[in-house]
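Undergrad: I'll drop the sequence and a predicted model, then ask my questions.
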Amino acid sequence: MVGSGPAGLSAAHAAASAGARVIVLERAEHPRYKTCGGGLLGVSMRLSAPRLDVPARDRIHAVTFTHDGRRGFTRRSADGPVVTMVQRDDFDHAWCRAAVGAGATVRENALVRAVSQDDGTATVTLADDSTVTARVVIGADGSAGVTARHVGVVFDQQDLGLEVELAASETDRRRWRGRLLLDWGRVPGSYGWLFPKDDQLTVGVIMARGRGAETKRYLREFVARLGLADRVVLRDSGHLTRCRSASSPVRRGRVLVAGDAAGLLEPWTREGISYALRSGTWAGTVAAGGGDLSEYDRLIGTDLAPEMAAGRRLLSLFGRHPGLVHAVLASPLGWRAFTRFCQGDFSMARVLRRRAVDGAVSLLGGGGGAGGPAPPAPPQKSGGAAGPP
């Protein structure tokens, strides 16, 4: 495995548990910081909790929604947490210990420079010119990593997320414990979040790449609007999220890619941990099985691709009608759909296959065709190019 985030470590755990000899190559050392909201959906909890002690910082039962800081309302879940909050360095480190406990070897400070393969093996070359040869290589080194380039992953949606970790006062902790905030931004498709994590608050925003100045302004104004401008900034970081195109490969020969390296994430929310854990687990299981590696392609195509297609339609709808989405979430039916989605009991792809829903979403500009990808939203004036943060 190349990379030891949730995708690489879940792959390592699955493969090692199935009896395979596994080595994980990580360029840094655990625990290491990763820009991420750190919200675990129900799917992520179900995949993680049996294998490790999830280092939860908070469990969210209430969500406050605002539309550009206005029209705020709060809804509460009566049947369990909506989201579980973690710090990614804690969460990834816990997965690392679980993978080692399952029998995997983790080699840190190992930067992979190249990948090659022949009919029987795949080989990775490290920065020190040493090599590791295996029957299968699973790439989980991010969308800008060497394995994505080797496989030829194509990304057709790129977004810039900016985030600050703030020291929480006692008042902040009482105010936000068990409650998060989502704000629909004024730029189409953008939104902001406040996630409580005990003694810290994670505040971030995301919008389409190419709007660097607007993204920075949104974050600055969002923090000020929340009354947090004077809090100590513990970390200030950014990250590009990249979604794969519908026809992009997830495998080339004996090299499989999972998680961010495959461009697997939910296009509307840009949530990626659940996609990383699912694709990583499948990749590790298929690789250890010694059978046809194309089974991994099939799993991605049947289980994740339809959800991503539905997410694209929702992003298109949200970009055109954020006020409508805000109003729907205020309704009992909309709130129930939101909580069931977060808890992993609701498939947007299945809902969008219903004729009435498909027709309504298409009429409102959310694409069409049984959950197929939506056309892009109309272009807006750019606030300046944004390179990798």
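TA: Right, received. Where do you want to start? What you are looking at is a predicted structure, and each value in this text was computed from that prediction instead of being measured.
Undergrad: How about the spatially most central residue of the chain, nearest residue that isn't a chain neighbour?
TA: The residue lying closest to the centre of the chain (CA atoms, centre = their mean) is residue 272, at 1.4 Å. Once flanking residues are discounted, residue 272 sits nearest to residue 265: 3.7 Å by CB to CB, 6 or more residues apart in numbering. (Each C-beta comes from the backbone N, C-alpha and C, glycine too.)
Undergrad: What about the one you found, how many residues nearby?
TA: Neighbours of residue 265 under the rule other CB atoms under 10 Å: 26.
Undergrad: For it, grab phi and psi.
TA: phi -160, psi 170 (degrees, to the nearest 10).
Undergrad: All further residue positions should be reported with the first residue as 88.
TA: Got it, the first residue is 88 from now on, which makes the last one we talked about residue 352.
Undergrad: Tell me the confidence at residue 448?
TA: Per-residue pLDDT puts residue 448 at 86.
Undergrad: Doesn't it lie inside a helix?
TA: Yes. Applying DSSP: H, G, I helix; E, B strand; the rest coil, one finds residue 448 inside a helix.
Undergrad: Next one: it from residue 441, what distance?
TA: 10 Å (CB to CB, to the nearest Å).
Undergrad: who's more crowded, the two?
TA: Neighbour count, other CB under 10 Å: between residue 448 and residue 441, residue 448 has more, with 21 against 11.
Undergrad: I'd say the more buried one and residue 439 touch.
TA: Yes. Residue 448 is in contact with residue 439 according to CB atoms under 8 Å; the separation is 6.4 Å.
Undergrad: what residues do these two have in common as contacts?
TA: Common contact partners of residue 448 and residue 439 (CB atoms under 8 Å, 6 or more residues apart in numbering): residue 400.
Undergrad: So, low pLDDT: which residues of the protein?
TA: Low-confidence segments of the chain, defined by pLDDT under 70: 455-476.
Undergrad: let's go with 50 and repeat that
TA: 456-476 (pLDDT under 50).
Undergrad: can you give me the helices in it?
TA: 93-104, 129-135, 175-188, 233-238, 257-263, 299-312, 360-376, 381-386, 392-407, 409-417, 419-429, 435-439, 442-450 (DSSP state H).
Undergrad: which of the ones you listed is buried the deepest?
TA: helix 93-104 (a mean of 30; mean count of other CB atoms under 10 Å).
Undergrad: Report the distance from it to the chain centre.
TA: Relative to the centre of its chain, helix 93-104 is centred 17 Å away, using CA atoms, centre = their mean, to the nearest Å.
Undergrad: packing partners for it?
TA: Other elements packing on helix 93-104 under the criterion 3 or more CB pairs under 8 Å, 6 or more residues apart in numbering; DSSP states H and E are strand 110-112, helix 175-188, strand 224-226, helix 360-376.
Undergrad: at 6 Å instead, please
TA: Applying 3 or more CB pairs under 6 Å, 6 or more residues apart in numbering; DSSP states H and E, one finds that helix 93-104 makes contact with helix 175-188, helix 360-376.
Undergrad: is it true that residue 255 touches residue 285?
TA: No. The pair residue 255 and residue 285 fails to qualify as a contact (CB atoms under 6 Å) at a distance of 7.4 Å.
Undergrad: Who has more neighbours out of those two?
TA: Set residue 255 next to residue 285 and count neighbours by other CB under 10 Å: residue 255 wins out with 23 against 14.
Undergrad: Run a quick neighbour tally on the closest residue in space to the more buried one that isn't next to it in sequence.
TA: Of all residues not flanking residue 255 in the chain, residue 288 sits nearest, at 5.0 Å (CB to CB, 6+ apart). Summarising burial for residue 288: neighbours were counted as other CB under 10 Å, giving 26.
Undergrad: what's in contact with stretch 182-201?
TA: With contacts defined as CB atoms under 6 Å, 6 or more residues apart in numbering, stretch 182-201 is touched by 89, 91, 96, 99-100, 103-104, 109-114, 116-117, 138-139, 211-214, 233.
Undergrad: residues touching the closest residue in space to residue 134 that isn't next to it in sequence, list them.
TA: Nearest non-adjacent residue to residue 134, counting by CB to CB, 6+ apart: residue 364, 4.5 Å away. Residue 364 sits next to 93, 97, 131, 134 when contact means CB under 6 Å, 6+ apart.
Undergrad: same question, residue 310
TA: So residue 310 contacts 290, 316 (CB under 6 Å, 6+ apart).
Undergrad: 7 Å instead?
TA: Each residue near residue 310 by CB atoms under 7 Å, 6 or more residues apart in numbering is listed here: 251, 290, 316.
Undergrad: now the second one, which residues is it bridged with?
TA: The bridge-partner assignment for residue 290, based on DSSP bridges, gives residue 251, residue 281.
Undergrad: and the gap between the closest residue to residue 178 other than its chain neighbours and residue 181?
TA: Residue nearest to residue 178 in three dimensions, not counting chain neighbours: residue 142, with 6.1 Å by CB to CB, 6+ apart. Between residue 142 and residue 181 the computed distance is 6 Å (CB to CB).
Undergrad: what do you get for residue 317?
TA: 33 Å.
Undergrad: residues touching the residue lying closest to residue 219 once chain neighbours are set aside, list them.
TA: In space, residue 219 comes closest to residue 211 once its chain neighbours are excluded; the distance is 5.2 Å by CB to CB, 6+ apart. With contact set as CB under 7 Å, 6+ apart, residue 211 has these partners: 89, 112, 199, 202, 218-219, 224.
Undergrad: Tell me which two in the residues you listed are the farthest apart.
TA: 89 and 218 (12.8 Å; CB to CB).
Undergrad: more neighbours, those two?
TA: Set side by side, residue 89 and residue 218 show more neighbours around residue 89, with 28 against 11, by other CB under 10 Å.
Undergrad: Relative to residue 365, how far out is that one?
TA: 18 Å.
Undergrad: Same question for residue 388.
TA: 13 Å.
Undergrad: Pipe the contacts of residue 211 into a markdown table and attach distance to residue 339 per row.
TA: Output for the contacts of residue 211, formatted as a markdown table (distance: CB to CB, whole Å):
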| residue | distance to residue 339 |
| --- | --- |
| 89 | 14 |
| 112 | 18 |
| 199 | 16 |
| 202 | 9 |
| 218 | 18 |
| 219 | 18 |
| 224 | 10 |
